[in-house]
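Colleague: Coordinates for the following, if possible.
(chains A, B, C and D)
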Number of protein chains: 2
Amino acid sequence: MGSKQASALYDEADLRRADSLAREIFSDVANKWALLIIETLGDRTLRFSELRDQVEGISHKMLTQNLRMLERNGLAERTVHPTVPPRVEYTLTGPGRALRATVDLICDWTHEHLSHIESARHRFDT
Amino acid sequence: MGSKQASALYDEADLRRADSLAREIFSDVANKWALLIIETLGDRTLRFSELRDQVEGISHKMLTQNLRMLERNGLAERTVHPTVPPRVEYTLTGPGRALRATVDLICDWTHEHLSHIESARHRFDT
DNA sequence: CTGTATCCCATTGGATACTG
DNA sequence: CAGTATCCAATGGGATACAG
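Modeller: Have a look, this model is predicted:
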């Protein structure tokens, strides 16, 4: 029973670690800018400045910050071309593209329910 | 051409309005707490206090704030039982449940890629 | 129990300037 | 062009108190 209990405790600790990691990833990813960048990248390869232009309303700072985060989590890949001026390109990795598929679904959902939401808002705001 | 142009302009204005609404909804929904609440509700009906207990780490304030937002957008329904003490229950609406399905996918994605992300992080942090 | 309001600190995020 | 750093305003979000 001693070893069994130890093993059970170990498994629980392991699960807790995985859960807290999952939580962390969820927090990283479940934010407006990260999702918009992922959606904008799609299956293309874009330069920093192209992303800044295409992700409506994002600031220089938020873009770099979120790109670093995506890179750190292995969702986007950063390629530096050692030219002058420098040319840096970003593209989604396999896991990044997998996530993108789910973001696509959220976008679809949004457009499908536009009118439901609009009228719900109208009702609520009165 | 005049009427055609006018019609085209009208359509564009319409699209811009829809886009900005979609943007707004996306911003509302693409945040950690909203998604965690949706995921926790699932297809159940939960009281305010049950939600506060089950959504790990959420504060009183964030919970009410996000519940109001979900209600306003017609994603969650609020039922007040006029007892004393009051009993208020929340449940997802049809559109809310549809969104929940996509959140489920994000959760699946997270767990599927835990190890990829963990090792990507390790590589990056060195 | 649920909800609103307030205070207050921590974090977010924009604007700008500077480096390679 | 891409990235970092800094400053500062705005928002987020926790703790607490109070009302219904």
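Colleague: can you give me phi and psi for the closest residue to DNA strand C within chain A?
Modeller: At 3.1 Å from DNA strand C, residue A:59 is the closest residue in chain A, using C-beta to the nearest atom of the strand. To be clear about C-beta, it is placed using only N, CA and C from the backbone, and glycine gets the same treatment. Dihedral pair for residue A:59: phi -90, psi 160, per degrees, to the nearest 10.
Colleague: next one: residue A:76
Modeller: The phi/psi pair for residue A:76 (degrees, to the nearest 10) is phi -130, psi 150.
Colleague: Distance of the nearest residue to it once chain neighbours are set aside relative to residue A:77?
Modeller: Sequence neighbours aside, residue A:70 is the residue nearest to residue A:76 in space, at 3.9 Å (criterion: C-beta to C-beta, 6 or more residues apart in numbering or on different chains). Distance of residue A:70 to residue A:77, given as C-beta to C-beta, to the nearest Å: 9 Å.
Colleague: quick one: which of the two has more around it?
Modeller: Shown here are residue A:70 and residue A:77; by other C-beta atoms under 10 Å in any protein chain shown, residue A:70 has more neighbours (24 against 14).
Colleague: contacting residues for the more buried one?
Modeller: Residue A:70 is in contact with A:34, A:37-38, A:76, A:96, counting by C-beta atoms under 8 Å, 6 or more residues apart in numbering or on different chains.
Colleague: and the host helix or strand of it, anywhere near DNA strand D?
Modeller: Secondary structure from DSSP states H and E places residue A:70 in helix A:60-72. Yes. Using C-beta under 7 Å from any atom of the strand, helix A:60-72 reaches DNA strand D at A:60-61, A:64, A:67-68.
Colleague: By average pLDDT, which secondary structure element in chain A comes out worst?
Modeller: helix A:2-29 (a mean of 79; mean pLDDT, DSSP states H and E).
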